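Asks: Starting from these lines, generate the structure:
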Amino acid sequence: MNTEDLLNLADDPKFIPSIYNYCDRWCERCPFTARCLNYAMGAEMEGRDDIGAQDTENAQFWDGLGQVLENTLDLLHALAEREGVQPLSDEEWAHYQADEERKWAEAEAHPAVALAEMYIQTVDEWLESAGPLFAAKADELSTYLRSNLPGSDPEVKAAELRDAVEVIRWYQLFIQVKLMRALSGKEEDADADPLDEYPKDSDGSAKIALIAMDRSLAAWTILLRAFPQRETETLRLLAYLDRIRRLTEQEFPQARAFVRPGFDGPAADEPTDAADELWEEIWGEVWTTPDAENDKPN
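Replies: Below you'll find the model as predicted:
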């Protein structure tokens, strides 16, 4: 695909502007791929005969990816020229990089990011040690399937567990990455013109991080019910997520109200009372250390 083709693709009115900036990158489960420029560009790349679309170890794939990068840079230069944007000088670029590194370091020190790192490690520990549990559950569901008991649907139960693990794994790293983007961009948003009506990018990043937390909470609740023998460990993971969620909402009070292009309507993705009630119920079982009351979310 050459630069002119990319420009024509970018100008196609069927694509929702910036929809890819505030999504969860889970294209396989997205209902808006037909209206996403980012997805369309990827599809163009994968449609080439000489590229193994899914084979990341194939040299042709990386050659094709390099060509896409070159085309994208050409597109950026063409758009900059069209809009009259001048490239940064070496001095300006060095200053920009230093400022970005400072913002990134400050974001890494935020309590929500530190908790997100603990969550990542604890998820790995939980899932890596849960192999025997899933094997036993598979045997149990197979027995139910063979018995053909009325009122039981082991295939649905198995799919539910599989989906729960898939959701947990998909968002495990995503939450921290989006929190970092939101926190590092908050300063820039604060310096914006107060009369600017555009929503804050940091709120959009925080919102998709919150959505990822909400979905992960729901997925862990499924595993909590399926594996009561791991209740203590699972509840601690739920506590981590809920604490990160509350810290994020405190840092970005307008994030839930952010309207993501294409995805959101009025009051979309607001946390439900039922979800909040569930987290309140588990605190007494989770916070067992002497300083636990001081760590409890407000």
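
Asks: Now for the residue nearest to A116 when sequence neighbours are not counted: which residues touch it?
Replies: In this structure, A116 finds its nearest non-sequential neighbour in Q176, 3.8 Å apart by Cβ to Cβ, 6 or more residues apart in numbering. C-beta: built from backbone N, CA, C; applies to glycine. Neighbour list for Q176: 113, 116-117, 119-120 [criterion: Cβ atoms under 8 Å, 6 or more residues apart in numbering].

Asks: Filter those residues down to just the buried residues.
Replies: 113, 116, 119 (16 or more other Cβ atoms under 10 Å).

Asks: Okay, and the last one sits in which element?
Replies: This means Y119. helix 111-128 (DSSP states H and E).

Asks: In terms of secondary structure, what does that helix contact?
Replies: Judged by 3 or more Cβ pairs under 8 Å, 6 or more residues apart in numbering; DSSP states H and E, the packing partners of helix 111-128 are helix 154-172, helix 174-190, helix 231-251.

Asks: what comes up buried for the shortest one?
Replies: The reference is to helix 174-190. Of all the residues in helix 174-190, those buried under the rule 16+ other Cβ under 10 Å are 174-186, 189.

Asks: In a markdown table: those, plus distance to E140.
Replies: What follows is the buried residues of helix 174-190, written out as a markdown table (distance: Cβ to Cβ, whole Å):
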| residue | distance to E140 |
| --- | --- |
| F174 | 31 |
| I175 | 31 |
| Q176 | 34 |
| V177 | 36 |
| K178 | 36 |
| L179 | 37 |
| M180 | 40 |
| R181 | 42 |
| A182 | 42 |
| L183 | 43 |
| S184 | 46 |
| G185 | 47 |
| K186 | 48 |
| D189 | 50 |
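
Asks: which parts of the helix holding Y119 are buried?
Replies: 112-113, 115-116, 119, 123, 126-127.

Asks: quick one: that helix to helix 154-172, angle?
Replies: 140 degrees (axes from the mean of the first three to the mean of the last three Cα atoms, to 10 degrees).

Asks: What mean pLDDT does the next helix-or-strand element following helix 111-128 get?
Replies: Sequence order places helix 131-147 as the next helix or strand after helix 111-128, per DSSP H and E. The pLDDT scores in helix 131-147 average 75.

Asks: Same question for stretch 100-117.
Replies: Averaged over stretch 100-117, pLDDT sits at 86.

Asks: likewise stretch 215-233?
Replies: Stretch 215-233 comes out at a mean pLDDT of 92.

Asks: Same question for stretch 37-50.
Replies: 68.

Asks: SS state for F15?
Replies: Assigned by DSSP: H, G, I helix; E, B strand; the rest coil, the conformation of F15 is coil.

Asks: quick one on the thing from earlier: compute the distance between the residue nearest to A116 and W220, please.
Replies: Separation of Q176 from W220 (Cβ to Cβ, to the nearest Å): 16 Å.

Asks: likewise W170?
Replies: 13 Å.

Asks: Comparing these two, which shows the higher neighbour count?
Replies: The residue with more neighbours, out of W170 and W220, is W220; 21 against 18, by other Cβ atoms under 10 Å.

Asks: hang on, isn't that one packed against V167?
Replies: No - if you go by Cβ atoms under 8 Å, W220 and V167 don't touch, sitting 9.1 Å apart.

Asks: remind me which residues of this protein are low pLDDT?
Replies: Scanning the chain for pLDDT under 70 picks out 1-7, 45-77, 79-80, 83, 85-88, 93, 96, 144-154, 190-198, 265-298.

Asks: Kindly state the domain boundaries assigned to it.
Replies: Per the record, the chain has its domains at 3-85, 105-295, by automatic domain parsing.

Asks: thought R260 was touching I208?
Replies: Yes - if you go by Cβ under 8 Å, R260 and I208 touch, sitting 7.2 Å apart.
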